[in-house]
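Engineer: structure of the sequence below:
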Amino acid sequence: QDAHSWVDVSRAYLASDRADLAAAALSKAQSIAPNASRVRIQQASIILHNCWLPGERACNADWRHASDIIHEALAEDPERLSGVYLLGLVDLYRGRPDLAANYLKVVHRYAPWVPRVNYHLGECLRLLGDSRARIYLRNARNLAQEPAWRSAAEASLALLDTPS
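Structural biologist: Down below sits the predicted model:
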């Protein structure tokens with residue numbers, strides 16, 4: 001009967017690409033604490049599960065809906081870094097790297113060792129033409145344990161070295 005535990009179960013299922021089971025676990029959390037910030041943020045994560053391609057027009061409505069949910073959660077709990085991070089990703093993938101960078105800088109202040117935070121902040125700055133992108137992308141590459149994050153960082157670094 002603990003909503004936070006059900007959110008954790010939902011997150012684990014989502015991380016293993018089992019969105020159906022993630023949604024079922026989240027439903028149990030929502031029945032216990034429907035307005036809890038963690039519950040809302042996980043709801044947004046499930047909505048966005050298949051929407052992580054930049055500029056994917058089919059996801060516009062989902063990005064807007066998720067953004068609204070995250071803003072509601074952060075109004076209740078403004079220090080919930082998972083929500084701030086997710087909002088940064090939503091803005092990045094909606095093509096608003098300037099807004100995304102603001103959110104991701106906040107998260108980076110608290111978790112500078114996390115490769116995906118460095119990568120996404122570096123990507124925002126790269127898209128904005130900011131030379132500091134290289135610092136964060138190198139951090140992402142050097143800190144990454146997973147080959148996918150190393151490869152993504154290497155690809156973005158290569159784009160920095162390619163003449164426009």
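Engineer: which neighbouring elements make contact with the helix or strand containing Ala155?
Structural biologist: Using DSSP states H and E, Ala155 falls within helix 147-161. In this structure, helix 147-161 packs against helix 115-127, helix 133-143, with contacts taken as 3 or more CB pairs under 8 Å, 6 or more residues apart in numbering; DSSP states H and E. Quick note: C-beta positions are derived from backbone N, CA and C, even for glycine.
Engineer: send the alpha carbons of it over as CSV?
Structural biologist: Output of helix 147-161 as CSV, limited to C-alpha atoms (Å, rounded to 0.1, in the frame of the first residue of the first chain):
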residue,chain,number,x,y,z
PRO,A,147,28.5,1.7,-24.7
ALA,A,148,25.3,3.5,-26.0
TRP,A,149,26.1,6.7,-24.0
ARG,A,150,29.7,6.6,-25.1
SER,A,151,28.7,6.2,-28.7
ALA,A,152,26.1,9.0,-28.5
ALA,A,153,28.7,11.3,-26.9
GLU,A,154,31.3,10.4,-29.6
ALA,A,155,28.8,11.1,-32.4
SER,A,156,27.9,14.5,-30.9
LEU,A,157,31.6,15.4,-30.4
ALA,A,158,32.2,14.4,-34.1
LEU,A,159,29.4,16.8,-35.1
LEU,A,160,31.2,19.6,-33.2
ASP,A,161,34.3,18.9,-35.3
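Engineer: what's the neighbour count on Ile69?
Structural biologist: 21 (other CB atoms under 10 Å).
Engineer: check the secondary structure at the nearest residue to it once chain neighbours are set aside for me.
Structural biologist: Nearest non-adjacent residue to Ile69, counting by CB to CB, 6 or more residues apart in numbering: Ala44, 4.5 Å away. For Ala44, the assignment made with DSSP: H, G, I helix; E, B strand; the rest coil gives helix.
Engineer: contacting residues for Ala44?
Structural biologist: His65, Ala66, Ser67, Ile69, Ile70, Ala73, Gly83, Leu86, Val90 (CB atoms under 8 Å, 6 or more residues apart in numbering).
Engineer: specify which member of the residues you listed is nearest to His4.
Structural biologist: If you rank the contacts of Ala44 by distance to His4 using CB to CB, Ala73 comes first, at 13.6 Å.
Engineer: longest helix in this protein, please.
Structural biologist: helix 60-76 (DSSP state H).
Engineer: in that helix, what counts as buried?
Structural biologist: Residues Asp62, Trp63, Ala66, Ser67, Ile69, Ile70, Ala73, Leu74 are the ones in helix 60-76 that count as buried (16 or more other CB atoms under 10 Å).
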